[in-house]
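S.K.: here is my input, please return the structure:
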Amino acid sequence: VPISYMSRLSWKNGGISEQEMEMWLQRLEWEYDEAAGNPMMGVLNFYICRGIKPNDDDAGTTLSLPPIGTKLPNPSPPRSPKKPVSIRFVTPRDTPDFVTECLSLINTEYCHSDTGITLSSPRLRPTDIHHMVHQHQLMVALCKDTHELLGCVQVLIKDPTTTETTETNSKQGGLPNLTIDGKIGEFTCLAVKSNTRATIKHANTQNVTVEISASETNTSKPPQTNRSRGIGAELVRAAESHARHKGCTRMQLGVICPSTAKDSIEAEPEYKVWLQHYYRSLGYEHRSTVELDFELQTDVQGENVVVKDQLHDMYDVLHQLVPCKAILFDKQL
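M.R.: Below you'll find the model as predicted:
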């Protein structure tokens with residue numbers, strides 16, 4: 001059995017910490033013989049069990065890691081949320097104020113990562129959030145103790161065999177479907193609440209600006225107090241469970257990044273690089289990268305006007321600010 005598979009399976013089942021998993025994979029690199037081919041098929045031998053391997057240098061030194069089974073001083077934090085949450089769908093029975101709060105949370109968090117950086121638009125319009133509610137697509141994470149809204153995610157159920165996607169319409173068709181049989185799940189608008197607020201000016205133009213400040217109701221707290229608490233991962237798991245229940249065989253997602261330097265990870269914003277690693281830690285694999293068409297022309301007043309925007313064709317609400325690429329990930333359910 002490949003060690004890479006066993007290590008990830010043990011980590012996901014809580015048998016070992018993430019740090020231990022990384023050490024298993026590092027030991028696997030010791031066993032990789034380039035001439036042998038597949039690095040995924042290492043052998044659990046003496047070096048791997050004991051964490052010791054003679055080095056080939058003239059000094060005769062050894063490489064070492066703690067033996068498997070050693071209790072590590074700083075294990076990885078648990079995958080479950082540190083703040084107990086309940087997750088449910090937003091329904092038309094929810095108050096308009098609550099729906100507006102969901103809209104504000106998503107748009108605010110996307111101002112940290114996209115609006116004013118890759119997008120000239122807010123992530124959602126009021127009509128979009130209402131469509132999501134009525135189509136049973138919007139999931140929220142609420143604090144069990146206070147019922148505070150902590151996060152949101154949109155879940156789409158798509159069927160490649162039909163011309164229209166299930167639970168959506170052609171205006172919100174989303175990412176290109178994978179060429180596989182059966183239904184496919186897709187999630188987007190994943191956002192976890194921070195203690196910030198955002199103001200967008202000149203939206204949907206090349207002159208868009210974003211101002212981010214501390215929330216007036218949380219000025220005594222540092223920003224992003226709900227981050228790194230497992231809330232986002234819990235929302236993703238809930239979205240996957242819903243898609244699985246609907247008969248989906250895979251879940252897909254996309255990360256939008258500037259494409260100023262094609263295939264150069266150094267050109268990607270730091271947060272986007274982190275986000276890709278984050279989705280990989282949840283079991284998602286990179287499938288493809290799509291360069292999105294984008295073209296500007298100067299009008300008679302000297303203003304830049306967008307004449308081609310493939311992202312806008314994919315998502316009616318979104319408008320590129322700069323040339324972008326969609327980095328597509330998926331996961332078997």
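
S.K.: ok, and for whichever helix in the chain runs longest, which residues are buried?
M.R.: Looking across the chain with DSSP state H, the single longest helix is helix 96-113. Residues of helix 96-113 classed as buried: 99, 101-113 (neighbour count, 16 or more other CB atoms under 10 Å). All C-beta atoms are positioned from the backbone trio N, CA, C, and that covers glycine.

S.K.: and the helices in the stretch 201-333 of the chain, which stretches?
M.R.: With helices called from DSSP state H, counting those that start in this stretch, the stretch 201-333 of the chain shows them at 231-245, 270-281, 310-314.

S.K.: contacts for the second one, please.
M.R.: Right, the one you point to is helix 270-281. For helix 270-281, the external contacting residues (CB atoms under 8 Å, 6 or more residues apart in numbering) are Glu18, His112, Ser113, Gly232, Leu253, Val255, Cys257, Ile265, His286, Ile327, Phe329.

S.K.: quick check: bridge partners of the fifth one?
M.R.: Spelled out, it's Leu253. Phe329 (DSSP bridges).

S.K.: Ser213 contacts Arg197, doesn't it?
M.R.: Yes: counting by CB atoms under 8 Å, Ser213 touches Arg197, with 6.0 Å between them.

S.K.: neighbour count for the two, which is higher?
M.R.: Between Ser213 and Arg197, counting by other CB atoms under 10 Å, Arg197 is the more crowded of the two (16 against 11).

S.K.: and that one, that's in a strand?
M.R.: Yes: under DSSP: H, G, I helix; E, B strand; the rest coil, Arg197 sits within a strand.

S.K.: state the distance from it to Met132.
M.R.: As judged by CB to CB, to the nearest Å, Arg197 and Met132 stand 22 Å apart.

S.K.: do the same with Gln297
M.R.: In this view, Gln297 and Met132 are 33 Å apart by CB to CB.

S.K.: looking at these two, which is more packed in?
M.R.: Met132 (27 against 10).

S.K.: OK, contacts around the more buried one?
M.R.: Val90, Leu138, Gln154, Cys189.

S.K.: is it true that the last one touches Arg123?
M.R.: Yes: Cys189 is in contact with Arg123 according to CB under 8 Å; the separation is 6.4 Å.

S.K.: list residues touching both of these two?
M.R.: With CB under 8 Å, 6+ apart as the test, Cys189 and Arg123 both reach Ile106, Tyr110.

S.K.: picking up where we left off before, now the contacts of Met132 as JSON lines including pLDDT?
M.R.: JSON lines is the format used below for the contacts of Met132 (pLDDT from 0 to 100):
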{"residue": "Val90", "pLDDT": "97"}
{"residue": "Leu138", "pLDDT": "97"}
{"residue": "Gln154", "pLDDT": "97"}
{"residue": "Cys189", "pLDDT": "95"}
